[in-house]
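In: Here is my input, please return the structure:
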Amino acid sequence: MLLRQLEYLVALARVRHFARAAQECYVSQPALSEAIRKLEEELDVPLVRRGRRFEGLTPEGERIVVWAQRILADRDAMKEEVRALRGGLSGRLRIGSVPTASTAVSLLTEPFCTENPLATVQVMADLQAADIVEKLQAYELDAAVTYYSPAVARRLRFIALYRERYVLLTKAPADGRQLAEVPWAEAAARPLCLLHPMMQGRRVLDAVFEEVGAPARPRVETDSIASLFAHVRTGRWASVVPHAWLHVFGVPVGMQAVPLVNPVRTERIGLLIPRREPISVMGQALADIAGRADIAATLEQIPGRS
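Out: Numbers count the residues shown, from 1 in each chain. I've put the predicted structure just below:
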């Protein structure tokens, strides 16, 4: 069995097309097909359902792909460790995050790059929580920042970073006074701009609004944090946002960031890395930084509030 054959199978499982898989692996389509056929002969099981085009993997093929991903990830981790032993950590750290956690990612990548000047970082900051788990288990990501889930924490290693708290971005009162707090039920009655309902950050908000018996009915919905802040800056819309965002986007002029209460709701945000022994050098380096960086303290203060 050759590692090349496993690479071809993993590529085919990912793109689900023989020609595109061959192009991704820089080989001809006949060469890729023949290598996978020989792998089937060696394992004595059919891996691919073939017709006039790719029709999917067999049940055996689905299981072999998982093993292939693990074997190839271990090979890459071994190469990374050898390079690190020779001249320091190099290569690329692949880190993903849900959109609402982008601030925390930047607080990890900055010290990572400082400590590892030969390494580069690729950030995928627009992933859904389910996509993150899938990519981590397929070894397409080295680490990710996302919400805590007991089910996920049983399969992947979770390192707590901070607790996400929520504030209402709303127009400042005409008399200039600073609001101390706003109940969630009152926030629901404001003209709201919120994230798209399919996004994890929005689902958290909807659960709280339902809990207090005041479902939110936003006039504007968006799948972009930048778009959300652009709408709020017009002064017409209010929004409910994680406090961590304010450290990047600030509080729009003429607006206030007011803590939400009744209830005070928080969500655990942390770093996820695959459970594997030995851990990859990239994953270990980032885990070490996450353990030292006091991200919760950095994000504690809400900008614009004394």
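
In: can you count the residues close to Leu260?
Out: Using other C-beta atoms under 10 Å, Leu260 has 21 neighbouring residues. (Each C-beta comes from the backbone N, C-alpha and C, glycine too.)

In: which residues sit against stretch 103-121?
Out: Stretch 103-121 has contacts (C-beta atoms under 8 Å, 6 or more residues apart in numbering) with 87-93, 95, 97, 123, 125, 145, 161-162, 244-245, 247-248, 269, 271, 282, 285-286, 289-290, 292-293, 295, 298-299.

In: In strands only, show me those.
Out: Ser90, Gly91, Arg92, Leu93, Ile95, Ser97, Val123, Val145, Leu161, Tyr162, Ile269, Leu271 (DSSP state E).

In: wait, doesn't the first one sit right on Lys79?
Out: If I follow you right, that is Ser90. No. Counting by C-beta atoms under 8 Å, Lys79 is not a contact partner of Ser90; they are 10.2 Å apart.

In: Tell me which of the two has more neighbours.
Out: Neighbour count, other C-beta under 10 Å: between Ser90 and Lys79, Ser90 has more, with 16 against 12.

In: contacting residues around that one?
Out: Ser90 neighbours (C-beta under 8 Å, 6+ apart): Glu80, Arg83, Ala84, Asn116, Leu118, Ala119.

In: Pull out the buried positions in stretch 255-273.
Out: Buried residues in stretch 255-273, defined by neighbour count with 16 or more other C-beta atoms under 10 Å: 255-260, 265, 267, 269-273.

In: ok, now stretch 208-225?
Out: Val208, Phe209, Ala214, Ala216, Pro218, Glu221, Thr222, Ile225.

In: May I ask which two of the residues you listed are separated the most?
Out: Pairwise distances across these (C-beta to C-beta) peak at 23.9 Å, for the pair Ala214 and Ile225.

In: what domains does the record give for this structure?
Out: 3-71, 74-162+267-299, 165-266 (automatic domain parsing).

In: now the longest one, how far from the centre of its chain.
Out: Spelled out, it's domain 74-162+267-299. 10 Å (C-alpha atoms, centre = their mean, to the nearest Å).

In: and the end-to-end length of that domain?
Out: 35 Å (C-alpha to C-alpha, to the nearest Å).

In: Next: stretch 96-103.
Out: End-to-end for stretch 96-103, by C-alpha to C-alpha: 12 Å.

In: any idea of the mean pLDDT for it?
Out: Mean pLDDT, computed over stretch 96-103, is 88.

In: now do stretch 141-159
Out: Mean predicted lDDT for stretch 141-159 stands at 91.

In: residue contacts, Gly56?
Out: Neighbours of Gly56 in contact, by C-beta under 8 Å, 6+ apart: Arg16, Val48, Arg49.

In: could you say what helices and strands the helix or strand of the chain with the lowest mean pLDDT packs with?
Out: In the chain, the helix or strand scored least confidently by mean pLDDT, DSSP states H and E is helix 59-87, which has a mean of 82. On a contact count with 3 or more C-beta pairs under 8 Å, 6 or more residues apart in numbering; DSSP states H and E, helix 59-87 meets helix 3-15, strand 90-97, helix 281-292.

In: right, and the ones you listed - which one's nearest Leu43?
Out: Across those, closest to Leu43 is helix 3-15 (C-beta to C-beta), at 9.9 Å.

In: quick revisit: ok, of the contacts of Gly56, which one's closest to Ala189?
Out: Once C-beta to C-beta is applied, the member of the contacts of Gly56 that ends up nearest Ala189 is Arg16, at 47.2 Å.

In: Not counting residues beside it along the chain, what's closest to that closest one?
Out: Distance criterion C-beta to C-beta, 6 or more residues apart in numbering; nearest residue to Arg16, sequence neighbours excluded, is Phe54 at 5.8 Å.

In: got it, and Arg49?
Out: That would be Glu55: by C-beta to C-beta, 6+ apart, it lies 4.2 Å from Arg49.

In: secondary structure element for the one you found?
Out: Glu55 belongs to strand 54-57 when assigned by DSSP states H and E.

In: For that strand, the averaged confidence score.
Out: On average, strand 54-57 scores 86.

In: And for stretch 210-219?
Out: The model assigns stretch 210-219 a mean pLDDT of 94.

In: show me where the stretch 101-250 of the chain has helices.
Out: With helices called from DSSP state H, counting those that start in this stretch, the stretch 101-250 of the chain shows them at 102-115, 129-137, 150-155, 184-188, 200-211, 225-232, 246-249.

In: right, and the ones you listed - which one's nearest Ser33?
Out: helix 129-137 (26.2 Å).

In: could you check the angle helix 200-211 makes with the closest one?
Out: Helix 129-137 runs at 140 degrees relative to helix 200-211, counting by axes from the mean of the first three to the mean of the last three C-alpha atoms, to 10 degrees.
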